[in-house]
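Asks: pasting the structure only:
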DNA sequence: AACATTACGTA
DNA sequence: CGTACGTAATGTTG
């Protein structure tokens, strides 16, 4: 049936339709969080989705104007001369639209000196010659000349969603001429928007009447002297203009184009790529509308071809041991259960082979002998396995004291290493991306779904396991291609084991102390609140920025602060600034209230997170931070206060657990600056670290040309801010803001800095340039971060990407190093059969719980292993503290 | 109920 | 107009 359906080509005038979208949608409502306008992109894509859905074209192309200079302006410089300059807000959206189209596999075309309509006319002509149906979507009436039995123009009436179908009949009804006659009519009537004057006194009605009488413009002009009255004279007076109009209005049908119509089929969708593009545009609803489409036959074919049936092996008939022994490749492991460190559980486990065979076991019904076989196999280092988020697997299996070894792959970690910027790495997305399988389709008949056999949970789990086995093959190849396979097998996978144990162990807290702290902070906050109400004479929700804006700027008439989306900011820096200006006590009370409520929230969060064993078990996220860092959730133990005295008191609550002697903290000193010295090879900076001198004093003495001893504290703090800022892509403006100095002074400071440390400047420059060429940055271990925005036309996006490119190798290399250190420390503790254990990692710091009598050995071991984790051109310095609480161990 | 916005804690 | 994160409250939207 589908073969007999005629091919249908959809041709879109990109500029024209984007422009409609731009004016139809309010720019304020359609912008990314960074302020990039996206209303035209949104409007265009929305229209495109509708067309794809309603019209089901088999071929699509979008044509764009190459520029305002065309062969028409060469013939007639005034052509389109009255057009207003394209708004900046609009211009930058064209590349974004092209990006979206490319991710959708839709061909875009543009050609120097040629307008989009000429490209469309050429393609339209070629396609209708080949017997295809053609839809032309354009807001330019010149395209009406293309209309015939095969070609329909969709002309926007208002906005981008209301399109008029201009068939030959519709054209005639509207203009009383045939499509072929339309350019003749337009030549006489003129087109204001193209700056083409028509014949005065001649409108569409008159022009149509004449064309009805004479057939076409040539015949009409040949008999121009027969036409009487004022309009006849007017026509004769403007014949040259009419001829010019006619020539300019004629669309070219013989433009040389890069691709024939046959190649304009919609390409298979790479959902991950589309996701990435839509993410960057911050589109949500359009994504759903888009993926709900089923217009792409090529995609369906690819999807179906990749799908195979999953066959569940019946353990009543097949011996588990034999089935396992027959495995010649890593088996996929999928489970059903709680994969968190607290109260983990597992009730179903599936093992899958890439050929589609799967075993699913229900622990509640598992025969004793099968369970023994399964346990032995899972614990067998030589039996290769692959999973998805193996850390969770380890938690779940630990609930039944099941040991897991021989895991050679983790599809989630692998996907993260390949594309560390993605939001999530859920299995269905990976299945779609790497295998073209749609795991979200649960019904049997659905195209692209695995044939589940039945809809039970067990079958779905078996399918997951099969998918994992197949993913391993694809992703292993991908990682090998970017030299990241070792990163997975030698770093991230071992780290997963370590993290699982750290999470399971947790860190002990003093719960009664936390309760006390909460009470203290509450009382303090309440006092500040009352004092705040007192000073303005009424109560207000101090936690509501909106209400505070009313109080500060309307009621008290304070000077306006920095603008934000909803008005003016009330953040701490702005409030402190206002306090300096006005001296109003309300501000001081408000700041105090903010501080203490924030601390109370942190404490209350810790209380809520304390497990029944009196310890807090955070979850470390290993696939979240794009640079390679870990992050910590539920609760986040990587942002426990330390900077203020009151905040530090919270660290007292983290204590050594029963049966252990003390806590030990070990942190790298200035690791990012050391990495900067290493990567840049700057001799001055390397010397700074080898001199034994305090880093900032050393650098300060060079920048300010004084002796190290004469570096004042104000000089030192400026140097410190600048040194750290450089690794983030700090600008002179940002530095001036932070240090409260003039921009000129900040710029001078940076110039002096770079004069003395030219290697740093060269390095920072090179790292961005290389990334622009290769498309990615790399850490010392070869961990990549892709930054496509480095070549963006939008300055904002490009500069953002440049700062990321500066920072990623530095932050990421530090992450690499501490991960190595963790593995080394973990291995050393095990080798030396010590009972002390790693509890937390806070980016450049490790926290260890030391068993009785082990302090000396553990201190030496941690120091040594951390310092030797990497060999850089500067030493890695480690400072260690010991104490009964995290606070006490911090100094 | 889900999402966005604002603010703020850490390295 | 400095990177990388997570959490909580308020307020808006469906």
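Replies: Received it, and whenever you're ready, just let me know what you need. Owing to the predicted nature of the structure, the values given are computational and were not obtained by experimental measurement.

Asks: When you work out contacts or count neighbours from here on, use the C-alpha atoms and nothing else.
Replies: Will do.

Asks: Next, the buried residues of the stretch of helix or strand residue A:817 belongs to.
Replies: Counting by DSSP states H and E, the element that carries residue A:817 is helix A:795-831. Neighbour counts over helix A:795-831 (16 or more other C-alpha atoms under 10 Å) mark A:797-826, A:828-829 as buried.

Asks: give me the subset of the residues you listed touching DNA strand B.
Replies: With C-alpha under 7 Å from any atom of the strand as the criterion, those include none near DNA strand B.

Asks: Any idea which helix or strand in chain A has the lowest mean pLDDT?
Replies: Lowest on mean pLDDT, DSSP states H and E among the helices and strands of chain A sits helix A:297-306, with a mean of 37.

Asks: So what's the gap between the following helix or strand past that one and the chain middle?
Replies: As assigned by DSSP H and E, the chain's next helix or strand after helix A:297-306 is strand A:311-312. On the basis of C-alpha atoms, centre = their mean, to the nearest Å, strand A:311-312 sits 37 Å off its chain's mean C-alpha point.

Asks: just checking, what packs against strand A:311-312?
Replies: Other helices and strands packing on strand A:311-312, by 3 or more C-alpha pairs under 8 Å, 6 or more residues apart in numbering; DSSP states H and E, are strand A:357-362.

Asks: List the pairing partners of the strand it packs on within its sheet, with orientation.
Replies: Strands that pair with strand A:357-362, judged by DSSP bridges, come out as strand A:311-312 (parallel), strand A:345-352 (antiparallel).

Asks: what ranges do the helices span in the stretch 51-200 of chain A?
Replies: All helices of the stretch 51-200 of chain A, identified by DSSP state H, counting those that start in this stretch, fall at A:71-75, A:88-91, A:93-103, A:116-129, A:168-175, A:182-189.

Asks: May I see the buried residues of the third one?
Replies: Meaning helix A:93-103. Judged by neighbour count using 16+ other C-alpha under 10 Å, the buried positions of helix A:93-103 are A:93-94, A:96-103.

Asks: ok, back up a step: out of the strands paired with strand A:357-362, which one sits most buried?
Replies: strand A:345-352 (a mean of 23; mean count of other C-alpha atoms under 10 Å).

Asks: and residue A:227, how many neighbours?
Replies: Using other C-alpha atoms under 10 Å, residue A:227 has 15 other residues around it.

Asks: Now it: closest residue in space that isn't a chain neighbour?
Replies: Spatially, and ignoring its direct neighbours in sequence, residue A:227 is nearest to residue A:233 (7.8 Å; C-alpha to C-alpha, 6 or more residues apart in numbering).

Asks: Endpoints of stretch A:78-85, how far apart?
Replies: 14 Å (C-alpha to C-alpha, to the nearest Å).

Asks: For residue A:408, grab phi and psi.
Replies: With angles defined as degrees, to the nearest 10, residue A:408 sits at phi -100, psi 0.

Asks: what's the pLDDT at it?
Replies: Looking at residue A:408, its pLDDT reads 98.

Asks: Quick check: it touching residue A:489?
Replies: Yes - counting by C-alpha atoms under 8 Å, residue A:489 is a contact partner of residue A:408 at 6.7 Å.

Asks: Next secondary structure after whichever strand or helix holds residue A:515?
Replies: Using DSSP H and E, residue A:515 falls within helix A:511-536. The element immediately downstream of helix A:511-536 (helix or strand, assigned by DSSP H and E) is helix A:545-549.

Asks: what separates residue A:401 from residue A:277, distance-wise?
Replies: In terms of C-alpha to C-alpha, residue A:401 sits 44 Å off from residue A:277.

Asks: interface residues of chain A facing DNA strand B?
Replies: Within chain A, the residues that sit near DNA strand B (C-alpha under 7 Å from any atom of the strand) are A:33, A:284, A:545, A:564-573, A:591, A:594-595, A:598-599, A:638-644, A:647, A:842-845.

Asks: just the buried members of those residues?
Replies: Buried by 16+ other C-alpha under 10 Å: A:545, A:568-570, A:591, A:594-595, A:598-599, A:638, A:640-641, A:647, A:842-845, out of those.

Asks: Check which helix or strand residue A:738 maps to.
Replies: helix A:732-739.

Asks: For the following helix or strand past that helix, buried residues please.
Replies: Next helix or strand after helix A:732-739 toward the C-terminus (DSSP H and E): helix A:743-756. Across helix A:743-756, burial judged by 16+ other C-alpha under 10 Å covers A:743, A:746-747, A:749-753, A:756.

Asks: Which residues outside helix A:743-756 are in contact with it?
Replies: A:684, A:702-704, A:722, A:732-733, A:735-737, A:760-761 (C-alpha atoms under 8 Å, 6 or more residues apart in numbering).

Asks: What's the PyMOL syntax to select whichever of those are buried?
Replies: Selection of buried members from the contacts of helix A:743-756 for PyMOL, criterion 16+ other C-alpha under 10 Å:
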select buried, chain A and resi 684+702+703+704+722+732+735+736+760+761
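
Asks: got CSV for the contacts of helix A:743-756, with pLDDT too?
Replies: As requested, these are exported to CSV (pLDDT from 0 to 100):
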residue, pLDDT
A:684, 95
A:702, 95
A:703, 95
A:704, 95
A:722, 93
A:732, 92
A:733, 91
A:735, 91
A:736, 91
A:737, 86
A:760, 95
A:761, 94
